[in-house]
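Enquirer: Next comes the sequence, and after it the predicted model I'd like to discuss.
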Amino acid sequence: MTDSINKKILLQIQGLKTYFFTKRGVVKAVDGIDLSIRRGEIVGLVGESGSGKSITSLSIMRLVPRPAGEIVDGRILLHNENLLEKSEEEMRQIRGNRISMILQDPMVSLNQILRVEYQIGEVFRFHKKTNGSLREMCINVLRNVKVPSPELRIRDYPFQFSGGMCQRVVIGMAIANSPELLIADEPTTALDVTIQSQILQLMKRVQQETGAAILMITHDLSTVAQICSRVMVMYAGRIVEKAPVHTFYKTPAHPYSSGLIKSVPVLGKKTERLFSIEGQPPSLLDPPTGCRFASRCNLAEEICRREYPPEVTLDEKVNHRVSCWLHT
Amino acid sequence: MFFKKNRKKPRKVKNRIPVVGITFVSGFLFLVVFGNWIAPYGYEHWDMTSMMTPPAWMDGGSMTHVMGTDILGRDVFSRLIHGSRFSLLIAVACIACYGTIGVIMGLLSGFIGGITDMVIMRLCDLWMSMPAIILAIILVSLMGPGALTVIIVVGVAGWPGYARIVRGECLSIKQNDFIRLARIAGCSNLRIMFSHVFPNIANTLIVLVTLNIGQMIILTATLSFLGLGTQPPSPDWGLMMNEGRQYISSAWWLVVFPGVAILMAVLGFNIVGDWLREILDPKQRLR
């Protein structure tokens, strides 16, 4: 694991804050997060619905839905270039080219009334990377993601593909320009379990072949265990723990992380009732001043409710960090 | 299998009305294309020796003028056939004109949103609050009557309807993930608008245009009837009715036949429009 730390940092997010300005007030969807992704690693970003995972990814792409949403603070550095300072035109050069993304539901990710060929071609057309004919390149895209008989399927419409095949097409499009970073926003949530594992294997293989870093956004801990090398846990707009995958499963430091791990059913083990974390995450309209997990935490003390805990490093060697008063 | 047997399959009621519409419309289109060869006379051909001849089956009528002649001895049947071309041409030109404006405005409004959306929509409200016919009369009196004026007038009057519908469709399509994915692939707004959103509203547009041709035929006929549209001697159906109006007591055929022609064309296009809406809507088709 030590050598992974020395790998060059690809993407670094510093103090990112993405707020939504609504009639009821300011929703702090992402409230000051720091993270870094090294070249060629697969990082998992886990957290429950509404914890700000997807907004983080959209912030990286600079596609936060406007006019309600806005990135109010922070820096997103891709090789020391701040993406937040780029013009819209420059961002378009980066999207689909250096940073790419896969969305959750493959069946609606493709335009149902345009041929697959046309949609794949779009990735090349704009970025003007043509070697050989466009059709040949499109066929190659499908071949890369193991769609059977790509020469014929290229003429088909998305509705003629199954969900898993659609997701393959989407992945193929995403990696067509060999991006440095691939953001996968719950890529397997809408698929059934066997297809899930195929898609995960595919992504792992793609990662090894292209050397792209993958930011895997998910709420499924088994996905993380299967392909990620590091995990970051997000709770109510903040990252509460960052750890290598093995450390995370063996010795989770944050009470929320251990709660998450405990609530995964174990095959073959009889339990009366599955563990669950009581309560609801706090409203992001008016988050508590202290630790955001305090109201649901069994180990919460007085200081937890009063002040937000600083990030502490538990293990410098494997880069295990946590924001919790228990460890300070 | 068990369930299938028990479940009563709803008997499909065969809807025969579209056949009527399709017949009318295809007959109309046939006349538009082949009218020149079918019509026994040219639309300007006049013959003072046989003026005000009644239709063939009436006393004094003859097979040389099946639907009779008008005050200048022009053959009503021939003029109706030639008129079909005029009516359709003007209707299509109008729709092409305001359809284009409407679609572009609607796409801009729905896709870009914000202030653009607000300005365009308020403009639509303003436009729609004026009755089309009044607006048309004002514009014609400013520009002078004629076929081209009619096209421009109707075009100017009609775009908000299209803009609204296109905007609504656009708003719902915009929410789709494939739009987001197109953005992720690096597509520009313009490209997304025309290559992703537009094909998705094509269905709606086809229906809208078909339904609109009927309305356009009525509107242009109305303008002609009021003397604001095409000018004599063009065989416009509305104009023919207007010219025949003064002789209605002695020569009813001058008014009735153009009227029936308008009725059939409009009815035909409306039925076909409804029918297209049903077959082009995937949700309805599954029923």
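Expert: Nice, I can see it.

Enquirer: tally of neighbours for the residue in the stretch 1-150 of chain B that chain A sits nearest to?
Expert: Relative to chain A, the nearest point of the stretch 1-150 of chain B is residue B:114 (6.4 Å; CB to the nearest CB). Where C-beta positions appear, they are placed from N, C-alpha and C, glycine not excepted. By other CB atoms under 10 Å in any protein chain shown, the residues close to residue B:114 number 10.

Enquirer: confidence score at it?
Expert: At residue B:114, the model reports a pLDDT of 82.

Enquirer: Would you confirm that it contacts residue A:67?
Expert: Yes: in this structure, residue B:114 is within contact of residue A:67 by CB atoms under 8 Å, at 6.4 Å.

Enquirer: Stretch A:126-146: which residues count as buried?
Expert: A:126-127, A:137-139, A:141-142, A:144-145 (16 or more other CB atoms under 10 Å in any protein chain shown).

Enquirer: meant to ask about stretch A:309-318, not that
Expert: In terms of neighbour count (16+ other CB under 10 Å), stretch A:309-318 has its buried residues at A:309, A:311, A:314, A:318.

Enquirer: from the chain's centre, how far out does stretch B:51-65 sit?
Expert: Put simply, stretch B:51-65 sits 32 Å off its chain's centre (CA atoms, centre = their mean, to the nearest Å).

Enquirer: and that stretch, average pLDDT?
Expert: Mean per-residue pLDDT for stretch B:51-65: 74.

Enquirer: So which residues of the stretch 51-200 of chain B form helices?
Expert: B:76-112, B:114-129, B:132-143, B:147-174, B:177-184, B:189-191, B:198-225 (DSSP state H, counting those that start in this stretch).

Enquirer: quick one: residue B:34 from residue B:214, how far?
Expert: Separation of residue B:34 from residue B:214 (CB to CB, to the nearest Å) stands at 22 Å.

Enquirer: Those two: who's more crowded?
Expert: When residue B:34 and residue B:214 are compared for neighbours, residue B:214 comes out ahead with 21 against 11, by other CB under 10 Å.

Enquirer: Name the residues of stretch B:71-91 that come out as buried.
Expert: Quick answer for stretch B:71-91 (16+ other CB under 10 Å): B:73-88, B:90-91.

Enquirer: Output the set of residues of chain B in proximity to chain A.
Expert: Neighbours of chain A within chain B, by CB under 8 Å from any CB of the partner chain: B:114, B:176-178, B:180-188, B:191, B:195-196, B:199-200.

Enquirer: 7 Å instead, please
Expert: B:114, B:176-178, B:180-188, B:196, B:199-200 (CB under 7 Å from any CB of the partner chain).

Enquirer: Just the buried ones out of those residues, please.
Expert: Buried members of the residues of chain B next to chain A, scored by 16+ other CB under 10 Å, are B:176-178, B:180-187, B:196, B:200.

Enquirer: tell me which parts of the stretch 151-300 of chain A are close to chain B?
Expert: Near chain B, when you scan the stretch 151-300 of chain A using CB under 7 Å from any CB, you find residue A:173.

Enquirer: just the strands in the stretch 151-300 of chain A please.
Expert: Applying DSSP state E, counting those that start in this stretch to the stretch 151-300 of chain A gives strands spanning A:181-185, A:213-218, A:230-235, A:238-244.

Enquirer: Next, the angle strand A:213-218 makes with the shortest one.
Expert: Which is strand A:181-185. Relative orientation of strand A:181-185 versus strand A:213-218 (axes from the mean of the first three to the mean of the last three CA atoms, to 10 degrees): 10 degrees.

Enquirer: Pairing partners for strand A:181-185, with directions?
Expert: The pairing partners recorded for strand A:181-185 under DSSP bridges are strand A:99-102 (parallel), strand A:213-218 (parallel).

Enquirer: Single out the most deeply packed of those.
Expert: Of all those, strand A:99-102 carries the top mean neighbour count, a mean of 28, counting by mean count of other CB atoms under 10 Å in any protein chain shown.

Enquirer: ok, and what's touching that one?
Expert: A:57, A:60-61, A:170-171, A:174-175, A:179, A:181-185, A:187, B:184 (CB atoms under 7 Å, 6 or more residues apart in numbering or on different chains).

Enquirer: Can you tell me which of the residues you listed is closest to residue A:51?
Expert: Closest approach between those and residue A:51, by CB to CB: residue A:57, at 12.3 Å.

Enquirer: Need the pLDDT of that closest one.
Expert: 90.

Enquirer: With residue A:263 instead?
Expert: Looking at residue A:263, the pLDDT reads 83.

Enquirer: Around the residue lying closest to it once chain neighbours are set aside, how many other residues sit close by?
Expert: Closest residue to residue A:263 apart from its sequence neighbours, by CB to CB, 6 or more residues apart in numbering or on different chains: residue A:275 at 4.8 Å. By other CB under 10 Å, the residues close to residue A:275 number 13.

Enquirer: Go through chain A and flag its longest helix.
Expert: Secondary structure of chain A read by DSSP state H shows that its longest helix is helix A:193-210.

Enquirer: Only alpha carbons, please: show it as CSV.
Expert: Provided in CSV are the C-alpha atoms of helix A:193-210 (Å, rounded to 0.1, in the frame of the first residue of the first chain):
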residue,chain,number,x,y,z
VAL,A,193,-26.7,-9.0,-9.3
THR,A,194,-25.2,-11.2,-12.0
ILE,A,195,-25.0,-8.3,-14.4
GLN,A,196,-23.6,-6.1,-11.6
SER,A,197,-20.6,-8.4,-11.1
GLN,A,198,-20.0,-8.5,-14.9
ILE,A,199,-20.1,-4.7,-15.1
LEU,A,200,-17.7,-4.4,-12.1
GLN,A,201,-15.3,-6.9,-13.7
LEU,A,202,-15.5,-4.9,-16.9
MET,A,203,-14.7,-1.7,-15.1
LYS,A,204,-11.8,-3.3,-13.3
ARG,A,205,-10.4,-4.6,-16.6
VAL,A,206,-10.9,-1.2,-18.2
GLN,A,207,-9.1,0.4,-15.4
GLN,A,208,-6.2,-1.9,-15.8
GLU,A,209,-6.0,-1.4,-19.5
THR,A,210,-6.4,2.3,-19.7
